[in-house]
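[1] Take this sequence and fold it.
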Amino acid sequence: MVNANLKDQKFIGHHIKKFFNGQHADYSPDWYIDVGLVILQTMVIQIFMPIVNSVKGFVVPIIKQKIDSHFTDDPYKTRCTSLAKYKAIYGGEEYLIHFKYSDILVIVYVACLYGIGIPLLFPVAALALGVTWINERIQTAYQVKQPPAMDDTMTKNAMSLLKIAPIMLLVNGYWMLSNRMIYANYWEYITVD
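    Modelled structure (predicted):
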């Protein structure tokens, strides 16, 4: 939206148009160079972030435990003055499931929203979902406290939100493909030169 230019849109008021004065009024070849590459780069980062968070989830507690035990391997030698502090250091982190759902929703929605125009997003999204799945299994087994017992409300909400993604794929994909036809001569012009 930062790069959107809505000055030619008649259904939007002037008080809103003044905030959207970017370079791109539509999906042009320049949009793919400026914005499309940034979207693809962000999705590639989504592949590595679960790995980084998992490594951080193993390293940070070990450092805290070593500092607490005066750099010995004895877990009974501790600086903690209460059981709650001891559990906080040695018990593992809380399992924040809402962040996991948001990561999955972002990956699916970005792939569905821009995947027709940037086809490389589909394999990148599949890889990101695979890495996320493997990482969640490792974190649940070895890093975090046992997740609290919850009902299936959050899962049902996420599934209902995921049902909208294919519709967005069709609508925005049609828009992106129609603009590719408009700019086909532009692409031929670039490849000839």
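
[2] burial count for residue 35?
    Burial of residue 35, expressed as a neighbour count using other CB atoms under 10 Å, amounts to 20. Glycine gets a C-beta too; all of them are placed from N, C-alpha and C.

[3] And the pLDDT for it?
    In the prediction, the pLDDT value recorded for residue 35 is 84.

[4] I'd like the distance between it and residue 63.
    Residue 35 sits 39 Å away from residue 63, taking CB to CB, to the nearest Å as the criterion.

[5] Over to residue 104?
    Shown here: residue 104 relative to residue 63, a distance of 30 Å by CB to CB.

[6] go on, residue 95?
    As for residue 95, its distance to residue 63 is 21 Å (criterion: CB to CB).

[7] which residues of the protein score low on pLDDT?
    1-11, 13-22, 24-25, 180-193 (pLDDT under 70).

[8] Helices of that one, start to end?
    Taking DSSP state H as the test, the helices found in the chain are 14-17, 29-31, 37-68, 83-90, 97-114, 121-142, 153-162, 165-182, 184-192.

[9] Just put the ones you listed in CSV and tack on mean neighbour count and distance to residue 75.
    Below are those laid out as CSV (neighbours: other CB atoms under 10 Å; distance: least, CB to CB, whole Å):
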stretch, mean neighbour count, distance to residue 75
helix 14-17, 10, 59
helix 29-31, 16, 56
helix 37-68, 14, 7
helix 83-90, 13, 7
helix 97-114, 18, 28
helix 121-142, 16, 17
helix 153-162, 12, 35
helix 165-182, 14, 46
helix 184-192, 10, 64
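
[10] closest to residue 76 out of those?
    Ranking the helices of the chain by proximity to residue 76 (CB to CB) places helix 83-90 first, at 10.0 Å.

[11] which other helices and strands contact the closest one?
    Judged by 3 or more CB pairs under 8 Å, 6 or more residues apart in numbering; DSSP states H and E, helix 83-90 is in contact with helix 37-68.

[12] what packs against the helix it packs on?
    Helix 37-68 makes packing contacts with helix 83-90, helix 97-114, helix 121-142 when contacts are defined by 3+ CB pairs under 8 Å, 6+ apart.

[13] Which one of these lies nearest to residue 166?
    Going by CB to CB, the one of the helices and strands packed on helix 37-68 nearest residue 166 is helix 97-114, 6.5 Å.

[14] contacts for the closest one?
    Contacts of helix 97-114 from elsewhere in the structure, counted by CB atoms under 8 Å, 6 or more residues apart in numbering, are 36, 39, 42-43, 46, 49-50, 121-122, 124-125, 128-129, 132, 136, 147, 150, 154, 158, 161-162, 165-166, 168-169, 172, 176.

[15] Let me have the helices and strands packed on helix 37-68 in a markdown table, extended by distance to residue 68.
    Output for the helices and strands packed on helix 37-68, formatted as a markdown table (distance: least, CB to CB, whole Å):
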| stretch | distance to residue 68 |
| --- | --- |
| helix 83-90 | 5 |
| helix 97-114 | 27 |
| helix 121-142 | 20 |
